[in-house]
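In: Make a model of this:
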Amino acid sequence: MLKRLSLMGILVASGLFFAAPVFAADTIVIGTYPANPPWEYKTASGAFEGFEVDVVREVAKRLQLTPDFQDMGFQALFAATSSGRIDFAISSISITNDRLKNQSFTQPYYDSDGTVVGKTDSSIKSLEELKGKTIGVIAGSTGDAWAKANSEKLGVAEVKSYAAQQDLLMEVQNGRIDGGAGELAGFQYAMTKMPGLKLLVRIPTGERFALMAKKDSPLVEKVSETISAMKTDGTMAAIHKKWFNVDPEPGTSTVKVLPLPKAE
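Out: Numbering: from 1, shown residues only. You can find the predicted model right below:
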């Protein structure tokens, strides 16, 4: 024991003993559930692609790191960050107060609101204008839950349920229903494949997506600072435009620099 202590003292004195590097071997390890387009998915060749994949690649580039993407189940991401097996997790993970008690998050980069989508020639511009209209929802979705809670209050004439998003949007596209209620990002991405649609009304939910890490990870602040720079110079907005074919709305977390979220 004395020999080991003496050796350590020599190393410290000579400057040869260093603390462990923040980023081991110049690599940042990212856990992801790659069955979640447009956020992350795998191509036929096995490459990772998606909105959040692009965000991480740009962060890594600016920090002169190599991103190492790990294919994982969604629930496994939380254990992997907690144990330190991965540096960060991505998969459209919402910041919640409960999660903040056990994990840390960077500042958010996407506001995951709800929306009502309609034909490009629709005159509907507010929730109040849904009175007397017929809207569609995907069974069991957040849009379904929202419609159940609000359709009577808004005077919606009928709510139709569909098994798949494509079926719902085709009904909107063909004018058989006046609009479809659902999650903003899913509709925005689908609209890049299906012409003739537009967002009629945005429904704030307060959900925001960010990179998740081990509680109090020293990496979070540095990565979040990099995200701030990407927002300021327009890179984050460009990534949004690439994946959703529209500019992010002013004031949303895609363009607004925000502080690190903290548990209440």
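In: hey, where'd the strands end up in the stretch 51-200 of the chain?
Out: Here the stretch 51-200 of the chain has its strands, by DSSP state E, counting those that start in this stretch, at 66-71, 88-90, 103-105, 110-111, 114-119, 134-138, 158-162, 179-183, 197-203.
In: Select, out of those strands, the one closest to residue 231.
Out: strand 110-111 (11.4 Å; Cβ to Cβ). Heads up, the C-betas are built off the backbone N, CA and C, glycines and all.
In: same for the closest one, what does it pack against?
Out: On a contact count with 3 or more Cβ pairs under 8 Å, 6 or more residues apart in numbering; DSSP states H and E, strand 110-111 meets strand 208-209.
In: what does the average pLDDT come to for the strand it packs on?
Out: In this model, strand 208-209 carries a mean pLDDT of 96.
In: Need the residues that contact that strand.
Out: Residues external to strand 208-209 that are found in contact with it (Cβ atoms under 8 Å, 6 or more residues apart in numbering): 39, 52, 92-95, 108-112, 253.
In: One more pass at 7 Å, please.
Out: 92-95, 108-112, 253 (Cβ atoms under 7 Å, 6 or more residues apart in numbering).
In: cool, and stretch 66-79?
Out: 26-34, 48, 56-57, 60, 80, 86, 89, 91, 103.
In: Run the chain-centre distance for that stretch.
Out: 14 Å (Cα atoms, centre = their mean, to the nearest Å).
In: for stretch 160-169, same thing?
Out: Centroid separation for stretch 160-169 versus its chain: 23 Å, with Cα atoms, centre = their mean.
In: in that stretch, what counts as buried?
Out: 162, 165, 168-169 (16 or more other Cβ atoms under 10 Å).
In: try stretch 139-153
Out: For stretch 139-153, by 16+ other Cβ under 10 Å, it's 141-144, 146-147, 151.
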